[in-house]
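Q: Sequence first, then the predicted structure, then my questions.
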Protein chains: 2
Amino acid sequence: MSLPTRTRLTPEQRRHQLLDLGVRLLADRSLDELSIDMLAEEAGISRGLLYHYFGNKHDFHRAVVRRAADDLIAQTAPPVAGDPVERLLASMSAYVDYVDANYEGYLSLVRGAGGGNESIRDIYDEARAALTDRIFREDQETLVPDTPATRFVVRGWAAMVEELVLGWKADPGAVTKDELIVIVTATLPALVGVVAPLPDEVAAQLAALRTSGS
Amino acid sequence: MSLPTRTRLTPEQRRHQLLDLGVRLLADRSLDELSIDMLAEEAGISRGLLYHYFGNKHDFHRAVVRRAADDLIAQTAPPVAGDPVERLLASMSAYVDYVDANYEGYLSLVRGAGGGNESIRDIYDEARAALTDRIFREDQETLVPDTPATRFVVRGWAAMVEELVLGWKADPGAVTKDELIVIVTATLPALVGVVAPLPDEVAAQLAALRTSGS
DNA sequence: GGCGCTATTGAAAAAACGTCAATAGACTCA
DNA sequence: TGAGTCTATTGACGTTTTTTCAATAGCGCC
């Protein structure tokens, strides 16, 4: 008769376990729909231990979102070689692959940012910046000129990419994965073209991409 | 000596008052940052009354989001006359005006949808559909052909519009209101052009719009 | 000016959050 | 192998917040 035998892990392991679980649970639940009670039971630990590691519920949420964001940033690191359009395509490809493979993590990030307080939205913005900043940092001469208007539009484009990737995951019937990647890639120059003229070279590449994609 | 004189309203009036207050309070707070205690005090009522009207906290949240969505839908009703591009422009204009005048209501809708559970996201989707559905219902021949791929892209466009309008409200420095309206209008055909060919007529109108807008 | 309807209250139960001294794995060293 | 130490973990307890519900009191009607 010895059910309540406690298991002792290293702090790293325990943090890892709890964050993994948090990412999973917060993918389809808001924070106040997740009680510490149920989280603790699911993890096989006492409530107290969660407070030992994360202080309070909000800090736990922040840690979960931070983890999801770090994962995303790490796994969508930009390629260093190739021309701007190629690099953008590779980056979008990595992004879509990431969401495909880590749907729950991505959901907990997006949902957290949508409903959370400002400090959580900051983490989210950081992740989004990882996706868009290099466009301005490295490719501003050729792909996107750096002006207030283009920055503005690129921000909207990022929101669109997020929506499209989530939409594709929810209903993969409308477009294939490859089509999705081509679409999100091709829409960036198309959008920028609304507020700034496109260099001929980019326009040509864009046209070629569209033909090969569908 | 009679401070605690209770005020008795009709159920309609009371519901109205509480929903108005809820919209205001949930614009910059998540649901669990809003206690029933403070809501009741702010409204000048007892906690019990809120439960009488809305059952529980989550149902109250849902009612608040529903109200914000209904407001948005009602105030961005599409014009019936004019050619497709004109109607789209009028619709976007109404949309931007609405967000400009009802920032708090719009925020509580968007935040609620981002962080809430599925039933709240459904309300949000309904509001978004009010913005996009008529594009397919009325203008599919001329502006946007109705295919799975175009529906998919239009959905992304709606997310982008939301992000851009919020971005403009948060920092009106990057673009003017009129520029914003032109941008969100012009980006729809530009995006659809990525997945479907644009009729010459629309392309011409689009070009004219862009020139006059900036 | 009493009567009935029901909007509203307040107290008390239930549930969730957060704290902290006490407990017990797992390793070290004799 | 067994005592000792370190610290991960617990469980009971106090606090805050949500939720319930029988009792109260405004307001219109006769």
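A: Received the coordinates, thanks. Numbers count the residues shown, from 1 in each chain, chains lettered A, B, ... in the order given.
Q: who's in contact with A:Met160?
A: The contact partners of A:Met160, taken as CB atoms under 8 Å, 6 or more residues apart in numbering or on different chains, are A:Val184, A:Thr187, B:Gly156, B:Trp157, B:Ala159, B:Met160, B:Glu163, B:Leu191. Just so you know, the C-beta spots here come from the backbone N, C-alpha and C atoms, and that holds for glycine as well.
Q: Now do the third one against DNA strand D, distance only.
A: When you say that, I think you mean B:Gly156. The spacing between B:Gly156 and DNA strand D, counted by CB to the nearest atom of the strand, to the nearest Å, is 35 Å.
Q: DNA strand D contacts on chain A?
A: A:4, A:6-11, A:14, A:44-49, A:52 (CB under 7 Å from any atom of the strand).
Q: Buried only: go through these for me.
A: Among the residues of chain A next to DNA strand D, the ones that count as buried by 16 or more other CB atoms under 10 Å in any protein chain shown are A:Arg14, A:Ile45.
Q: which SS state does A:Pro172 fall under?
A: Look at A:Pro172: counting by DSSP: H, G, I helix; E, B strand; the rest coil, its state is coil.
Q: coming back round to it: pick out the most distant pair among the contacts of A:Met160.
A: The largest separation in the contacts of A:Met160, counting by CB to CB, is between A:Val184 and B:Glu163 at 14.7 Å.
Q: pull the helix or strand with minimum mean pLDDT from chain A.
A: helix A:200-213 (a mean of 66; mean pLDDT, DSSP states H and E).
Q: Output the below-cut-off pLDDT ranges for chain A.
A: Within chain A, the segments meeting pLDDT under 70 span A:1-4, A:140, A:198, A:206-207, A:209-214.
Q: from it, which residue is nearest to DNA strand D?
A: With CB to the nearest atom of the strand, the shortest gap between chain A and DNA strand D falls at A:Gly48, namely 2.2 Å.
Q: where's that residue, which helix or strand?
A: A:Gly48 is part of helix A:47-54 when elements are defined by DSSP states H and E.
Q: those helices in chain A, which residues are they?
A: A:11-25, A:36-43, A:47-54, A:57-75, A:84-101, A:103-115, A:118-139, A:148-170, A:177-195, A:200-213 (DSSP state H).
Q: so how far is the longest one from its chain's centroid?
A: Centroid separation for helix A:148-170 versus its chain: 11 Å, with CA atoms, centre = their mean, to the nearest Å.
Q: got the angle between it and helix B:148-170?
A: Going by axes from the mean of the first three to the mean of the last three CA atoms, to 10 degrees, helix A:148-170 is angled at 140 degrees with respect to helix B:148-170.
Q: how about the residues of chain A that lie near DNA strand C?
A: A:5-8, A:32, A:34-37, A:47-48, A:51-52, A:55-58.
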